[in-house]
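[1] A structural model of the following input is requested.
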Amino acid sequence: MLNYYVKATEALKSLRTDQDGVVSFEYIIVAACIIGAVSAAFGTGATGAIGTALTSGITTITTAFTAAV
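    Residues are numbered from 1 along each chain as shown. Coordinates of the predicted model:
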């Protein structure tokens with residue numbers, strides 16, 4: 001158990017001093033912000049403003065296509 005603790009501690013120390021670890025952490029933060037922005041725009045389901053507009057647009061296109069065929 002102590003061996004795993006030492007390995008985890010050393011990994012965290014190297015991550016703290018490693019610039020590549022900082023970049024990876026920044027990517028995680030940016031990904032979380034993008035996910036938040038997309039969920040705010042689309043809503044958690046298809047109930048957001050953009051989701052409603054896309055749903056009605058697809059319905060209109062499908063209706064027009066069905067009528068043309």
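
[2] Which helix runs longest in the chain?
    Counting by DSSP state H, the longest helix found in the chain is helix 19-42.

[3] In that helix, which residues are buried?
    residue 42 (16 or more other C-beta atoms under 10 Å). The C-beta positions use only the backbone N, C-alpha and C, and glycine is treated the same way.

[4] what's the following helix or strand after that helix?
    The helix or strand immediately downstream of helix 19-42 is helix 49-68, counting by DSSP states H and E.

[5] how far does the lowest-mean-pLDDT helix or strand in the chain sit from the chain's center?
    In the chain, no helix or strand scores lower on mean pLDDT, DSSP states H and E than helix 2-17, which sits at a mean of 75. Computed by C-alpha atoms, centre = their mean, to the nearest Å, the separation of helix 2-17 from the middle of its chain amounts to 28 Å.

[6] Just the C-alpha atoms of that helix, please, in CSV.
    The C-alpha trace of helix 2-17 is given here as CSV (Å, rounded to 0.1, in the frame of the first residue of the first chain):
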residue,chain,number,x,y,z
LEU,A,2,2.8,2.3,0.9
ASN,A,3,4.4,1.6,-2.5
TYR,A,4,1.3,2.8,-4.4
TYR,A,5,1.2,6.0,-2.2
VAL,A,6,4.9,6.7,-3.0
LYS,A,7,4.2,6.2,-6.7
ALA,A,8,1.2,8.4,-6.7
THR,A,9,3.0,11.1,-4.8
GLU,A,10,5.9,11.0,-7.2
ALA,A,11,3.5,11.1,-10.2
LEU,A,12,1.8,14.2,-8.7
LYS,A,13,5.1,15.9,-8.1
SER,A,14,6.3,15.3,-11.6
LEU,A,15,2.9,16.5,-13.0
ARG,A,16,3.3,19.7,-10.9
THR,A,17,6.7,20.5,-12.4
